[in-house]
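Engineer: Need the 3D shape of this:
(chains A and B)
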There are 2 protein chains.
Amino acid sequence: MKSTHKQNFIAVALIGALAFTTTIAHAADDPLPSWNDGKAKQSITEFVTKVTKEGSPDFVLPEERIATFDNDGTLWCEQPLYFQLLFALDRVKALAPQHPEWKTKEPFASLLKGDVKGALAGGEHAMLEIIIVTHAGMTTAEFEKIVADWIATAKHPKFKRSYTECVYQPMVELLAYLRANGFKTFIVSGGGIEFMRPWTEKVYGIPPEQVVGSSIKTKYEWRDGKPVLMRLPEMNFIDDKTGKPVGINSHIGRRPIAAFGNSDGDQQMLEWTQAGSGARLMMLVHHDDAVREFAYGTESKIGTFSDALMAEAKKDGWVVISMKDDWKWIFPFEK
Amino acid sequence: MKSTHKQNFIAVALIGALAFTTTIAHAADDPLPSWNDGKAKQSITEFVTKVTKEGSPDFVLPEERIATFDNDGTLWCEQPLYFQLLFALDRVKALAPQHPEWKTKEPFASLLKGDVKGALAGGEHAMLEIIIVTHAGMTTAEFEKIVADWIATAKHPKFKRSYTECVYQPMVELLAYLRANGFKTFIVSGGGIEFMRPWTEKVYGIPPEQVVGSSIKTKYEWRDGKPVLMRLPEMNFIDDKTGKPVGINSHIGRRPIAAFGNSDGDQQMLEWTQAGSGARLMMLVHHDDAVREFAYGTESKIGTFSDALMAEAKKDGWVVISMKDDWKWIFPFEK
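Structural biologist: Modelled structure (predicted):
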């Protein structure tokens, strides 16, 4: 071995030792500083400790440490409307000059007059029409750019912050804490997979290949001498309710050992997670903080947290996170 | 810092240095020992060197180093029939006692008489019927066990080895070499996603969440007080030809920078890979070794390598791997 090599080894060894010191120092700090002490926080740290401790009866191999997270209402805010719907409304306005017929055609006519409630009175069909005109008919690359541009500039109506600032700081810490403990973190959301992927890596540290969501069909074709994927006006998959275990199986191919949601749409994901053998952690974010965020649940159309879900949580030992009591800060901009 | 902590750090540093020495020693060795020197091997090492060298104009961030591999005929053998079809034939035999009607019903009657050619004379419809009875009507967990049991015991008709031994040693080395250089390796196969996942991690080092394949629909339901995913007799997605870029986009959400195939079914995956900006590597395994494996191509129904594909490879600079000339050994059991 040449002496320069030897020096390199020593340098690397020292860097290794330094990195290790930093890890130790960090672990001595609280990895979840935005969580108040209480049952929710304790459930997390106890679960992580037991599944990562070699020799523990609950030890889980790193490759099996799969954690899945709903997005809307679990990782970021979902009020006054799902952000993807707010995106679609902005797109309708932007596209209106090219569609003079929308002035008299519902749901667009109401929307353009600012009457969101009237536009959505058409129910699922109206919603689908809005999604189709705003999400299909372009290439995947074009759609990615539209989303990236919107997310970089649009502001939340209540918080006057960009949408990616309206994420829950305690959940961002939880994602990082799980990954620091060998977990692979996935989003499993009813939202559009290609609406999330352009920004989840930067905001949550979750890469595109670990995002599962609803999708429309795409088609491979050639345009101007280049292959493209065209987004078609046809639903491919709805990743909600019973669709969540299906999406998890299809994309991940392993059962999660931990799952986090906030509404009836997450019920089956938590059931599916719990039905595996060994230690499991199921948690539900409860929106009970009207002052700092929004308070809603049983009666809300968006993010319904029904009495039946609450009953199942109690029966099955799912941990309900009170935003009011368990979270010191809700958004990163409060810190 | 306590002295025991200090000792721990020194131990960790030494282990780090040792690990590093091993890596260096390994890198000084040939990471692709089953590859003969030549254009194919050189294309791989040159590509990896330039995309991993910081400051190089071709440098690619680790998270963008996505490599996709076809499976049948690219990572393992696909003759005399796709192994999944051989699995299905074995399953028909195993299930026959429960289906007396198959004695007079095609394609099962021919199959049970050992006339595979006759059974498959019914074309795609016959194939689909065989797939449905052997792949649907059970839970995902039950199917996983059926596949795991079969793969642990069945033997290849020519090589008299288990199917997972009939993998290409040079490609297994290539997978490991890419991962050692920060790549994420994915399978993108026309084969069934749930037929591959039970064994790809052990055999290729590719975890279930990095396997993309064809699939049938599944449905979430409760059985005996537990949630299950039932496999339905209905195709969900065909991950072949133009389906490969669609599957890549759906599962990975990023464009690969390297792609490996062996047949017309991989053409669009290679086109899609090449159409991205920056350095790219596209390679095709050519089955031209009748002595050690099989020689087939233009005329073969399984793994067709058409003249048109060869022409596109030449025009676009895709590298054709000659199994005869470029591979020192083909299977692990030859070494």
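
Engineer: Counting neighbours, what do you get for residue A:308?
Structural biologist: Around residue A:308 there are 11 other residues, counting by other C-beta atoms under 10 Å in any protein chain shown. For every residue, glycine as well, the C-beta is placed using N, CA and C.

Engineer: Next up, the contacts around it.
Structural biologist: By C-beta atoms under 8 Å, 6 or more residues apart in numbering or on different chains, residue A:308 lies in contact with residue A:264.

Engineer: now residue A:213
Structural biologist: Residue A:213 is in contact with A:71, A:187-196, A:239, A:247, counting by C-beta under 8 Å, 6+ apart.

Engineer: ranges for the strands of the stretch 1-150 of chain A?
Structural biologist: Secondary structure of the stretch 1-150 of chain A (DSSP state E, counting those that start in this stretch): strands located at A:66-69.

Engineer: repeat for the stretch 151-300 of chain A
Structural biologist: Going by DSSP E, counting those that start in this stretch, the stretch 151-300 of chain A shows strands at A:184-192, A:211-223, A:226-237, A:258-261, A:281-286.

Engineer: can you redo those as CSV with distance to residue B:157 and mean pLDDT?
Structural biologist: Below are the strands of the stretch 151-300 of chain A laid out as CSV (distance: least, C-beta to C-beta, whole Å; pLDDT from 0 to 100):
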stretch, distance to residue B:157, mean pLDDT
strand A:184-192, 38, 98
strand A:211-223, 36, 98
strand A:226-237, 38, 97
strand A:258-261, 44, 99
strand A:281-286, 47, 98
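
Engineer: most tightly surrounded among these?
Structural biologist: strand A:258-261 (a mean of 28; mean count of other C-beta atoms under 10 Å in any protein chain shown).

Engineer: helices or strands next to that one in the packing?
Structural biologist: strand A:66-69, helix A:169-180, helix A:267-274, strand A:281-286 (3 or more C-beta pairs under 8 Å, 6 or more residues apart in numbering or on different chains; DSSP states H and E).

Engineer: Excluding residues flanking it in the chain, which one is nearest the residue of the stretch 51-200 of chain A found nearest chain B?
Structural biologist: Proximity of the stretch 51-200 of chain A to chain B (C-beta to the nearest C-beta) peaks at residue A:197, 4.7 Å away. With sequence-adjacent residues excluded and distances taken as C-beta to C-beta, 6 or more residues apart in numbering or on different chains, residue A:197 is closest to residue A:208, at 4.2 Å.

Engineer: likewise residue A:151?
Structural biologist: Here the residue nearest residue A:151, using C-beta to C-beta, 6+ apart, is residue A:199, at 5.3 Å.

Engineer: Equivalent analysis for residue A:259, please.
Structural biologist: residue A:273 (3.9 Å).

Engineer: Distance check, the one you found against residue B:113.
Structural biologist: Going from residue A:273 to residue B:113 by C-beta to C-beta, to the nearest Å gives 47 Å.

Engineer: neighbour count winner among these two?
Structural biologist: For residue A:273 and residue B:113, the more surrounded residue by other C-beta under 10 Å is residue A:273, and the numbers stand at 27 against 11.

Engineer: Could I get the pLDDT score of the more buried one?
Structural biologist: Residue A:273 carries a pLDDT value of 98.

Engineer: show me the residues around the residue nearest to the spatial centre of chain A that make contact.
Structural biologist: In chain A, the centroid-proximal residue (C-alpha atoms, centre = their mean) is residue A:71; its distance is 2.5 Å. For residue A:71, the contacting residues are A:187, A:189, A:191, A:196, A:213, by C-beta under 8 Å, 6+ apart.

Engineer: again, but for residue A:102
Structural biologist: With C-beta under 8 Å, 6+ apart, residue A:102 has these contacts: A:92, A:96, A:108, A:109, A:112.

Engineer: Could I get those in JSON lines, plus columns for neighbour count and pLDDT?
Structural biologist: Converted to JSON lines, those look like this (neighbours: other C-beta atoms under 10 Å in any protein chain shown; pLDDT from 0 to 100):
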{"residue": "A:92", "neighbour count": "19", "pLDDT": "96"}
{"residue": "A:96", "neighbour count": "14", "pLDDT": "96"}
{"residue": "A:108", "neighbour count": "22", "pLDDT": "95"}
{"residue": "A:109", "neighbour count": "15", "pLDDT": "95"}
{"residue": "A:112", "neighbour count": "17", "pLDDT": "93"}
